[in-house]
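Trainee: sharing a model prediction with you, sequence too.
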Amino acid sequence: MAILYLSSPERRAVWQPILSAALPDLPFWGSAEEVLDPSAVRFVACWVTPDDLFERYPNIELLISVGAGVDQFDFDTLPENVQVVRMITPSIREMVSEYATLGVLALHRDLPQYLQQQHQQHWQPQPIQLARRRRVGVMGLGQLGLAALTALAPFGFQLSGWSRSRKEIAGVSTFAGVRELPAFLAQSDLLVCLLPLTSETHGILDEELFAQLPKGAGLVHCGRGEHLESDALLAALQSGQISSAMLDVTNPEPLPKTHPFWAHPSVILTPHVASETDFEEGVEFCVQAIQAHLSGSAVPGLVSKIQRY
Ligand code: NDP
């Protein structure tokens, strides 16, 4: 058996020696050209899959994403025997919780407005809202939503979270499922999106959702670009239903130069940098996943092929 690695040369330079040292009996093939025996490929590590992956390599058992998400994979074409694994690493949690905190504090303390005023050389203090009077709602209570809530807790915000299944989290009001979404939204002055992209969450940040937020709410979006209906956000910003937004992800990426978000005074934009996968941690995680799979124990990061996250 062997692993087929299909990602950047920079990542390979870190991955190959670590993986080969940890799993010396597992050949590391760094491209399709290096594959000596297609039937021996049991593990594939990549971001996007080539179209013919499963025809070429019929014995793949684990498809390992080199990033935190798996929405780039086409689950409809996955053969029965292939399991999907996503990255769960400390640094992704650390970086995303930093970003969520950055976004929440930026909107909480009116940074978009002050950036605009600075460009206009306009000295105009705004009233300051106390954090303990500000309600922050996090959509998605997985590893990243939980990390964001933990990072936000010391500031004293009123915290809440929304997930598919019910959760109990100390210091956080929790809401579950579509039925409780309106109640969750109605009490979210600052909304943070850390959902995975699935058929259920595609386009979830739309006109209907924005209308259910308190007037003048803020949006911190660090999920996926396809969660957001851009025109709905622009309309909500125009009407004042949303006061400001910090967006790390857009649809498409990169955002076209003509898109109104670039110059919008109430939008702060970053180029999908809430986190990146640390190469060393990534390969260590990959090794753990393969070892667990080989020993028949629970594979970390295993994705539900039904829920698709
Ligand atoms: P997890 O799978 O650990 O958690 C996902 C959470 O979302 C769970 O709480 C889940 O509910 C909830 N959820 C999923 N579908 C629904 C739904 N239909 N309704 C309500 N809640 C739902 O994911 P992670 O925390 O690891 O990552 C979340 C996402 O963050 C990634 O998929 C990716 O899109 C994004 N991300 C963005 C990055 C960036 O750089 N901008 C970097 C890394 C990740 P339940 O707990 O009930 O299953």
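Mentor: All right, it came through fine. Remember, predicted model here, so these are calculated numbers, not experimental data. Numbers count the residues shown, from 1 in each chain.
Trainee: so R308 makes contact with F75?
Mentor: Yes: between R308 and F75 there is a contact under C-beta atoms under 8 Å: 5.2 Å. Using the backbone N, CA and C atoms, a C-beta is placed for each residue, glycine as well.
Trainee: which residues of the stretch 151-300 of the chain lie near the ligand?
Mentor: Residues of the stretch 151-300 of the chain lying near the ligand by C-beta under 6 Å from any ligand atom: 162-165, 194-198, 200-201, 222-224, 248-249, 272, 274-275.
Trainee: among the residues you listed, which ones are buried?
Mentor: Among these, those buried by neighbour count (16 or more other C-beta atoms under 10 Å) are 162-164, 194-198, 201, 222-224, 248-249, 272, 274-275.
Trainee: could you give the average pLDDT over stretch 271-278?
Mentor: Averaged across stretch 271-278, pLDDT comes to 97.
Trainee: who's in contact with that stretch?
Mentor: 66-68, 87, 89, 91-92, 94-96, 99-100, 222, 248-250, 253-254 (C-beta atoms under 8 Å, 6 or more residues apart in numbering).
Trainee: mind redoing it with 7 Å?
Mentor: Applying C-beta atoms under 7 Å, 6 or more residues apart in numbering, the contact partners of stretch 271-278 are 66-68, 87, 89, 91-92, 95-96, 99, 222, 248-249, 253-254.
Trainee: now for the residues you listed, which pair is the farthest apart?
Mentor: Across those, no pair lies farther apart than T89 and P254, at 25.2 Å, counting by C-beta to C-beta.
Trainee: mind listing the helices for the stretch 201-309 of the chain?
Mentor: Counting by DSSP state H, counting those that start in this stretch, the stretch 201-309 of the chain has helices at residues 207-211, 230-239, 279-295.
Trainee: hang on, the earlier thing: most neighbours, which of the contacts of stretch 271-278?
Mentor: C222 (27 neighbours; other C-beta atoms under 10 Å).
Trainee: next, the contact list for that residue, please.
Mentor: V96, Y99, A100, C193, L194, D248, V249, A274.
Trainee: ranges for the strands of the stretch 51-200 of the chain?
Mentor: Assigned by DSSP state E, counting those that start in this stretch, the stretch 51-200 of the chain shows strands spanning 62-65, 83-85, 135-139, 158-163, 172-176, 190-193.
Trainee: what is the second one packed up against?
Mentor: Just to be clear, that refers to strand 83-85. Contact here means 3 or more C-beta pairs under 7 Å, 6 or more residues apart in numbering; DSSP states H and E; on that basis strand 83-85 packs against strand 62-65.
Trainee: what are the ranges of the helices in the stretch 51-200 of the chain?
Mentor: 53-56, 90-108, 111-119, 143-152, 177-186.
Trainee: present those as CSV; the columns should include distance to W15 and mean pLDDT.
Mentor: Formatted as CSV, the helices of the stretch 51-200 of the chain follow (distance: least, C-beta to C-beta, whole Å; pLDDT from 0 to 100):
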stretch, distance to W15, mean pLDDT
helix 53-56, 18, 97
helix 90-108, 15, 98
helix 111-119, 38, 98
helix 143-152, 22, 98
helix 177-186, 39, 98
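Trainee: so of those, which one's packed in deepest?
Mentor: Neighbour counts (mean count of other C-beta atoms under 10 Å) averaged over each of the helices of the stretch 51-200 of the chain peak at helix 143-152, with a mean of 22.
Trainee: ok so, going back, nearest to the ligand, of the contacts of C222?
Mentor: Comparing the contacts of C222 against the ligand with C-beta to the nearest ligand atom places A274 closest, at 3.4 Å.
Trainee: start to end distance for stretch 114-130?
Mentor: Its first and final residues considered, stretch 114-130 spans 18 Å by C-alpha to C-alpha, to the nearest Å.
Trainee: again but with stretch 261-270, I slipped
Mentor: Note: stretch 261-270 ends 11 Å apart using C-alpha to C-alpha.
Trainee: with stretch 223-239 instead?
Mentor: 24 Å.
Trainee: buried set for it?
Mentor: In stretch 223-239, counting by 16+ other C-beta under 10 Å, buried: 223-230, 232-234, 236-237.
Trainee: fine by me, we can end here.
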